[in-house]
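A.B. asks: My questions concern the predicted model and sequence given below.
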Amino acid sequence: MKKIGILGSTGSVGSQCLDLITDYRNKFDIEFITANSNADKIIDQARKFNPKYVCILDEKKYEYLKKSLPNTEVIIGEDAMNELCKNKNIDIILNSVSGYKGLSLSYQILNSGIDLALANKESIVQAGNILIDLSKQNNCNIFPVDSEHSALWQCLIGEDISNVKKIILTASGGPFRKLKKDDFKNITKENALKHPNWTMGSKITIDSATMMNKGFEVIEAYWLFGIEYKNIDIVVHPQSIIHSMIEYIDGSIKAQLSEPSMRIPIQFALTYPDRFKVEDEKFNFFKNDKLTFEKPDFDKFPCLKLAYDAGSKGGTYTTVLNVANDIAVDLFLKDKIHFMEISEVIESCLDSHDSISNPELEDIYTTMEWTKNKILKEN
């Protein structure tokens, strides 16, 4: 039985993780679950799954949780959450916290020698060099939970990485794939939150609408698989059936296909090297008989170019990219900037930044603060 912890259990990925564990209660022992502020949902989860610890960041919800969960150890705050990630009796921890603040948790997990199921791509975008080095030093693994990187991982099993010619990340194109650039000025928050294929949290849904999410995935692929940026391509695939592909030097291409569901990548990260049977996941080729592909439009979606450029330059540029995007998306969701201004805020920060090569963790945190302060001063 694997002992697991779930950071961000009330979010989309964390909730789906618990849903699938329902089918395998004899395979997993849940050590802890955490939430930002959704007390009612984490109470329901705790009553169902009986974790040893429940942690919430919102101090105002602490007494409510204590009263509602008298037989569970309730803890509070970022320090407590980080302490949970030091428990070396845990086999694997899912980091599904949203945004740039997930970095400290990913760092602590790997620093403790615990396997990391990574749904918080922002961690590796900001500090890929640090996290990859930590995993090697402590002989632990980073298992990608993103459907695209899980697909790449599955296509690479048993293969020699030196035989890879290209990584091909597929993208749905988001809700504005067919919208003319001239009409982007009319995009509303409600428009941007309507993803055509996936049901996700608001932040990642906006990232998909700007296609910054795909830009982050390019950087994540660079760190996870050691493939140069010039050999990482994006193909728009509106059906979201092919989750990504590997092109090999002999011209062969391997792809991983499934219905657009997060169940498979979450489950594979938790059960690897095993595969557990899922009764209801049956792919219908005849229903999915039209698979189409398009070139990404870097003009309409400038966040893609910003991500490629930041990744290629390296250093702390990717930290600025990540934090600036997080804050800009938050400003957009609060109706303080327009959709098209998201990329402008990010580009302004990148243009003003003096990058630090081969940054240490302290350099990353300093850059995070610099980026945050710059944006908040100007907005």
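C.D. replies: Cool, the structure landed. Given the structure is predicted, the values throughout are model-derived calculations rather than measurements. Numbering: from 1, shown residues only.
A.B. asks: Pass me the low-pLDDT residue ranges in this structure, would you?
C.D. replies: 197-199, 281 (pLDDT under 70).
A.B. asks: the strands in it, which residues?
C.D. replies: For the chain, the strands identified by DSSP state E occupy 2-7, 28-35, 53-56, 73-76, 92-95, 115-118, 142-144, 164-171, 232-236, 242-248, 253-257, in order along the chain.
A.B. asks: Report the strands that pair with the fifth one, each with its relative direction.
C.D. replies: To tie it back to what came earlier, the one meant is strand 92-95. Each strand paired with strand 92-95, and its direction, by DSSP bridges: strand 2-7 (parallel), strand 115-118 (parallel).
A.B. asks: returning to what we had before: E369: which of the strands of the chain is closest?
C.D. replies: Evaluated over the strands of the chain, closeness to E369 peaks at strand 92-95, with 21.6 Å, by C-beta to C-beta. C-beta here means a position set from N, CA and C on the backbone, and glycine is covered the same way.
A.B. asks: buried ones in the closest one?
C.D. replies: Judged by neighbour count (16 or more other C-beta atoms under 10 Å), strand 92-95 contains these buried residues: I92, I93, L94, N95.
A.B. asks: now for those residues, which pair is the farthest apart?
C.D. replies: The most widely separated members of these, counting by C-beta to C-beta, are I92 and N95 (10.3 Å).
A.B. asks: Quick check: neighbours shared by the two?
C.D. replies: Counting by C-beta atoms under 8 Å, 6 or more residues apart in numbering, the residues touching both I92 and N95 are L116, A117.
A.B. asks: Make TSV out of the strands paired with strand 92-95 and add distance to Y317 and mean neighbour count.
C.D. replies: Shown next, in TSV, are those (distance: least, C-beta to C-beta, whole Å; neighbours: other C-beta atoms under 10 Å):
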stretch	distance to Y317	mean neighbour count
strand 2-7	27	24
strand 115-118	21	27
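A.B. asks: Of these, give the one that comes closest to I187.
C.D. replies: Across these, the minimum distance to I187, taken as C-beta to C-beta, is reached by strand 115-118, at 30.3 Å.
A.B. asks: which residues are contacting that closest one?
C.D. replies: The set of residues that contact strand 115-118 without belonging to it, under C-beta under 8 Å, 6+ apart, is 91-95, 106, 109-110, 124, 135, 140-146, 266, 269-270.
A.B. asks: Generate a ChimeraX selection restricted to the buried entries among those.
C.D. replies: Selecting only the buried entries of the contacts of strand 115-118 in ChimeraX, with 16+ other C-beta under 10 Å as the criterion:
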select :91,92,93,94,95,106,109,110,124,135,140,142,143,144,145,146,266,269,270
